[in-house]
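Participant: would you be able to build a 3D model of this:
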Amino acid sequence: MGETDKSYWLLSETSGVGETHDPRLQRNLPIFEGMRWLKAGWRDLWIHPSSSIAYGIGVFVLSVAFIWTLVQFGRDYILFPALAGFMIVAPFLAIGLYEKSKALEEGREVGFGSMLRVRPKAGAQVFFTGLLLCLLMLLWNRAAVLLWALFFGVTGFPGIENVVWILLGSPYGWAMLLVGTVVGGLFASFAFAISVFAVPMLLDRRVDALTAMGESMKLVWNNLRPMIAWGAIVLASFAVCVLTGLIGMIVIFPMLGHATWHAYKAVAGPGLDP
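Facilitator: Prediction:
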């Protein structure tokens, strides 16, 4: 290979982190730009609010039914991982909210029925994305069960009423919380990166699921600081939902869904082919 050959070979040359950035995808947004997206989401929520609130109630009812099913069938040991895993599939569940914000942007009327009968430009690719996100959530739940077995052995689950004291009252519990937070953080970061813009993009453009996920990850990587801040806002908002017994989801979920559409338009909108 000649000296002028710039091909990259596995054992001869490696690229630095800086080379993975693409100036065409960098928006140079302020770190707390997410607060502006949240404000825009709040505004969309209260334009014809009945449709957004009804959507939030629907997600709340589905969440409560899911938790009830876990408890009734003796699967309460995956309740906490399932609550955390909800954030993985949430972008797919919010597609009707993206449709409403898109319609408002275009000056169209959209009702609750239209939000449920969304017709993405990418067609069935959006359902393939939803399937992949569900599989990722199942993988996280399995990893959580394995972590429990690693620290506490193959023992029966002590029940929701006792698990908090076990985790906080023993060195093994604290160790599991530490390792679980790291592992869960890796899952959450990956899921957030591939999904935050993928589902809105599938609604807005004719692309396939894997391309949308790849573009989403590139956009997050090239706008890392504001996206980390946005992820923290979403996490804090979801924590409020959990602390209110999921009732807060009736308002918070639609607000975040609408805000995510504005985040997509701000970060993914310019510079990408339709």
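
Participant: okay, residue 256: pLDDT?
Facilitator: The model reports residue 256 with a pLDDT of 97.

Participant: that one: neighbour count?
Facilitator: Look at residue 256: counted by other Cβ atoms under 10 Å, it has 27 neighbours. Backbone N, C-alpha and C define where each C-beta goes, glycine included.

Participant: residues touching it, list them.
Facilitator: Contact analysis of residue 256 by Cβ atoms under 8 Å, 6 or more residues apart in numbering lists 38, 41, 90, 94, 234, 237.

Participant: check residue 273 and give its pLDDT.
Facilitator: Confidence score, pLDDT, at residue 273: 52.

Participant: find the nearest non-adjacent residue to residue 145, please.
Facilitator: Distances taken as Cβ to Cβ, 6 or more residues apart in numbering place residue 78 nearest to residue 145, at 6.5 Å, with adjacent residues excluded.

Participant: hang on, the earlier thing: nearest to residue 20 among the contacts of residue 256?
Facilitator: Distance to residue 20 across these (Cβ to Cβ) is lowest for residue 234, with 24.3 Å.

Participant: ok, that closest one to residue 244 distance?
Facilitator: Applying Cβ to Cβ, to the nearest Å, the value for residue 234 to residue 244 is 16 Å.

Participant: which intervals of the stretch 51-200 of the chain have sub-threshold pLDDT?
Facilitator: Applying pLDDT under 70 to the stretch 51-200 of the chain picks out residues 156-157.

Participant: ranges for the helices of it?
Facilitator: Counting by DSSP state H, counting those that start in this stretch, one finds helices in the stretch 51-200 of the chain at the ranges 79-93, 95-105, 112-116, 125-152, 160-168, 171-195, 198-204.

Participant: out of those, nearest to residue 53?
Facilitator: Comparing the helices of the stretch 51-200 of the chain by Cβ to Cβ, helix 112-116 comes nearest, at 9.4 Å.

Participant: residues contacting the closest one, please?
Facilitator: Under Cβ under 8 Å, 6+ apart, the answer for helix 112-116 is 50-51, 54-55, 96-97, 99-100, 103.

Participant: turn those residues into JSON lines, columns for neighbour count and distance to residue 252.
Facilitator: As requested, those are exported to JSON lines (neighbours: other Cβ atoms under 10 Å; distance: Cβ to Cβ, whole Å):
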{"residue": "50", "neighbour count": "9", "distance to residue 252": "17"}
{"residue": "51", "neighbour count": "21", "distance to residue 252": "16"}
{"residue": "54", "neighbour count": "16", "distance to residue 252": "15"}
{"residue": "55", "neighbour count": "23", "distance to residue 252": "12"}
{"residue": "96", "neighbour count": "24", "distance to residue 252": "16"}
{"residue": "97", "neighbour count": "29", "distance to residue 252": "12"}
{"residue": "99", "neighbour count": "24", "distance to residue 252": "19"}
{"residue": "100", "neighbour count": "27", "distance to residue 252": "16"}
{"residue": "103", "neighbour count": "17", "distance to residue 252": "21"}
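
Participant: what is the nearest of those to residue 191?
Facilitator: residue 97 (18.5 Å).
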